[in-house]
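Engineer: below are the sequence and a predicted model for it; my questions follow.
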Amino acid sequence: MASTNQSPFYKKAEENFLSAKTDEERLNWLEEMIRECPKHKSSEKMLANLKTRRIKLVEKIERIKKSKKSSGSSQETIKKYDMQVALIGETNSGKSSIISSITNANSKVSENQFSTQIPIQGIMEYSGVQIQIIDLPSVKNENFDVGIANTADLNLLVITELSQIEEIKKFIPKAAGKKLIVFNKIDQLNEKEKRKISENLRSKKYNFIMISCRNKQNVEELKEKIFQSFNITRVYLKEPGKSPTDKPLIIHPNSTILDVAKKISKQMAQNIKGVHIWGPSSKFPNQKVGLSHIVKDKDIVEFKTR
């Protein structure tokens, strides 16, 4: 945004505008720039440009507010689950169809570009666990949340062309989680095209799956691949005289009984009187174990406290 022959106040407002992190901050400094912009003939074009930008920014803020109200989702309220997956891709790649197919979310599916304007989250229930799936706006959308992409445990790179893989990677150079290539819309391809794409991805040693949300092809396999991407241990808790819980506690592999207790409550971990276990790590049902005992996937643990 040009700032030739502008006052120091204008230049400061422009500097703050360029470094602003939210649209609300940008709007505040843009309005300051409009106030500080000289009101003479030679600056008419610049002033008109600033006012046009203000109108577009206000419209964008209002659009996002409405979208948040209708979806019940917002960036600010997305709290990371034990297992988090981010859907990342270019516009019209079918991310919204995927999250609608594998979770309880109802993300807007549209042929128009940039239909997803804010992160939409849903929960995928699979093999007794809840996996958080987040549909992010397109990587080329100004609302793309690289923060979620960087911290997600698994990023699904949703593509419809092989060239999109490297393009998407440019937007997430600091993403620490695993990556799974999801080639979508294979219902639009013939068998020869599908085979050629599969061979290409396999030759490059990508972790990938080819799906179609339209005819549900390989959608269940996608769920399984997502689940298998997580190296987790499921522990079912049990109170004395009661049945085990339906939903497991998710912990890291090679965790001890003490690690399990601490995840439940630090206070409870300090008041353990005895521990009994059933399952893969026990020598026999209802075995009494110590705090250093290493649990295995699908163990049932019963704590007795003081």
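Structural biologist: Alright, I've got the coordinates. Residues are numbered from 1 along each chain as shown.
Engineer: make it CA atoms for all contacts and neighbour counts henceforth
Structural biologist: Will do.
Engineer: residues in contact with L47?
Structural biologist: Each residue near L47 by C-alpha atoms under 8 Å, 6 or more residues apart in numbering is listed here: 34, 37, 39.
Engineer: assign it to helix, strand or coil.
Structural biologist: helix (DSSP: H, G, I helix; E, B strand; the rest coil).
Engineer: give me the buried subset of the contacts of L47.
Structural biologist: Neighbour-count burial (16 or more other C-alpha atoms under 10 Å) applied to these gives 34, 37.
Engineer: which strand or helix spans the residue most central in space within the chain?
Structural biologist: Nearest residue to the geometric centre of the chain (C-alpha atoms, centre = their mean): A86, 3.1 Å. Element membership of A86 [criterion: DSSP states H and E] is strand 84-89.
Engineer: give me the mean pLDDT for that strand.
Structural biologist: Averaging pLDDT along strand 84-89 yields 96.
Engineer: can you name the next helix or strand after that strand?
Structural biologist: helix 95-102.
Engineer: so which elements touch that following helix?
Structural biologist: strand 84-89, strand 129-135, helix 219-228 (3 or more C-alpha pairs under 8 Å, 6 or more residues apart in numbering; DSSP states H and E).
Engineer: figure out how far the first one is from the centre of its chain.
Structural biologist: Meaning strand 84-89. On the basis of C-alpha atoms, centre = their mean, to the nearest Å, strand 84-89 sits 5 Å off its chain's mean C-alpha point.
Engineer: just want the angle from it to helix 95-102.
Structural biologist: 140 degrees (axes from the mean of the first three to the mean of the last three C-alpha atoms, to 10 degrees).
Engineer: strand partners of strand 84-89, parallel vs antiparallel please.
Structural biologist: Paired strands of strand 84-89, with direction, are strand 129-135 (parallel), strand 154-159 (parallel) (DSSP bridges).
Engineer: ok, of those, where does mean pLDDT dip lowest?
Structural biologist: strand 129-135 (a mean of 93).
Engineer: C-terminal to that one, what's the next element?
Structural biologist: Downstream of strand 129-135 (by DSSP H and E), the next one is helix 146-151.
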